[in-house]
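S.K.: Sequence and predicted model, in that order:
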Amino acid sequence: MNKKGDIPVLILVIGVFSICTLAIISFFVSDSRASKDLLEIGMFEKFQIDLETFYFYKNAWDTPDEAARKIGARTDDEGNLVIEREGEFSSFRYIEDLDSG
């Protein structure tokens, strides 16, 4: 009945719908970024586990070469431990001097 009130109500409804739509889209975008970050964090956690396993084997009974092979790493010509890992979004190479420790 009141024609003057229809336009502000329509603008209000469109505004609320737009804000809700943008909020839902932002949740989807942030969720996909967070899962990628968690994959990379998992790669570094696996690296830390590999490093601790290497030192366990090395200190328990194995030579550095055997311990490195058990975790999928290697030792280079200078006797350094070389761990190379590739994730889905990045890769890294870790080199540690075994003679100093």
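M.R.: Thanks, I have the structure now. Residues are numbered from 1 along each chain as shown.
S.K.: for the lengthiest helix in the chain, the distance to its chain's centre please.
M.R.: As assigned by DSSP state H, the longest helix anywhere in the chain is helix 6-60. Helix 6-60 sits 10 Å away from the centroid of its parent chain (Cα atoms, centre = their mean, to the nearest Å).
S.K.: Could you list every helix and strand that it packs against?
M.R.: Other helices and strands packing on helix 6-60, by 3 or more Cβ pairs under 8 Å, 6 or more residues apart in numbering; DSSP states H and E, are helix 64-70, strand 80-86, strand 91-97. From N, CA and C alone the C-beta is placed, and that goes for glycine too.
S.K.: try it again with 6 Å
M.R.: Packing partners of helix 6-60 (3 or more Cβ pairs under 6 Å, 6 or more residues apart in numbering; DSSP states H and E): helix 64-70.
S.K.: Parallel or antiparallel, which strands does the following helix or strand past the helix it packs on pair with?
M.R.: Under the assignment DSSP states H and E, the closest C-terminal helix or strand after helix 64-70 is strand 74-75. Next to strand 74-75 in the sheet, as set by DSSP bridges, lie strand 80-86 (antiparallel).
S.K.: What lies in contact with the partner strand?
M.R.: For strand 80-86, the external contacting residues (Cβ atoms under 6 Å, 6 or more residues apart in numbering) are 47, 73-76, 92-98.
S.K.: quick one: Ile25 and Ile19, what's the gap?
M.R.: 11 Å (Cβ to Cβ, to the nearest Å).
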